[in-house]
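Undergrad: Okay, predicted coordinates and the sequence, questions at the end:
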Amino acid sequence: MIIYASFVEGHVFISDEAQHLLFEDICQRKHIEACGVLLGHSDSQGNWYVERVQPLQNIFDSPVYFEFAPEELLAVELEHAGEIVGVYHSHPTGFSVASATDRENMQRVNVEEQIPWVWLIVRGPFDMLWQEQRMPSAVIAYHHYEQWGLQEIPVQFVQSQA
Ligand SMILES: [Zn+2]
């Protein structure tokens, strides 16, 4: 059971379409850290609504590290101005929490650069069972608040009305 600090009110809501795109991307490159940006909007209560995801290249092709190509990130930022609400990456090794590198990036972007992104990590291993079930519980979210430090954010999957 996960107990969330009571002062953190933000949730991240992930649409069907975003969930589908996210898991497709991870399955297609399951041996390296898949990564990309989360597109959607946020509200004044500090919630994030992820409507779509845009996969980006991991220029390191690594199972334990990811980095975007700066020009690719810039192109997406121009194309989707104001729509990027966060970043995702996968942990094919199954490492189930943010790594030291992840934490540094979260703090730098959220606090020093004042960019209010939410961070999703999808943990593996992406074996047959995972690929069949695509377990939502494999998705964890973080945000580094200036006042409260790094916090895990509750994730909710939203069913769209067909
Ligand atoms: Zn990571």
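TA: Perfect, thanks for sending it. Numbers count the residues shown, from 1 in each chain.

Undergrad: use CA for all of it now, contacts and neighbours both
TA: Will do.

Undergrad: Counting neighbours, what do you get for V109?
TA: V109 has 16 neighbours, counted by other C-alpha atoms under 10 Å.

Undergrad: actually L150, not the one I typed
TA: Look at L150: counted by other C-alpha under 10 Å, it has 16 neighbours.

Undergrad: what does P125 give?
TA: Neighbourhood size, P125 [other C-alpha under 10 Å]: 19.

Undergrad: Also A141?
TA: A141 has 21 nearby residues by other C-alpha under 10 Å.

Undergrad: Tell me the pLDDT of Q147.
TA: Here the pLDDT value assigned to Q147 is 90.

Undergrad: Need the pLDDT of the residue positioned nearest the centre of the chain.
TA: With distances taken as C-alpha atoms, centre = their mean, L120 lies nearest the centre of the chain, 2.2 Å away. L120 is assigned 98 on the pLDDT scale.

Undergrad: let's have the chain start at 709 instead
TA: Sure, I'll start counting at 709 from here, so that last one is L828.

Undergrad: Off-centre distance for the helix or strand hosting R811?
TA: Using DSSP states H and E, R811 sits in helix 808-815. On the basis of C-alpha atoms, centre = their mean, to the nearest Å, helix 808-815 sits 13 Å off its chain's mean C-alpha point.

Undergrad: How about stretch 734-743?
TA: 13 Å.

Undergrad: ok, residues contacting it?
TA: 733, 763-766, 769-774, 776, 795-800, 834, 839 (C-alpha atoms under 8 Å, 6 or more residues apart in numbering).

Undergrad: how about E854, what does it touch?
TA: Residues counted as contacts of E854 (C-alpha under 8 Å, 6+ apart) are N818, V819.

Undergrad: please redo it, this time with the cut-off set to 10 Å
TA: Applying C-alpha atoms under 10 Å, 6 or more residues apart in numbering to E854 gives the contacts Q815, N818, V819, E820, Q822.

Undergrad: which one of those has the most neighbours?
TA: The most neighbours of any of the contacts of E854, using other C-alpha under 10 Å, belong to N818, which has 21 neighbours.

Undergrad: What residues sit buried inside the lowest-mean-pLDDT helix or strand in the chain?
TA: Least confident element among the helices and strands of the chain, by mean pLDDT, DSSP states H and E: helix 836-841 (a mean of 85). Buried positions in helix 836-841, judged by neighbour count with 16 or more other C-alpha atoms under 10 Å: W838, Q839.

Undergrad: Great, nothing more from me.
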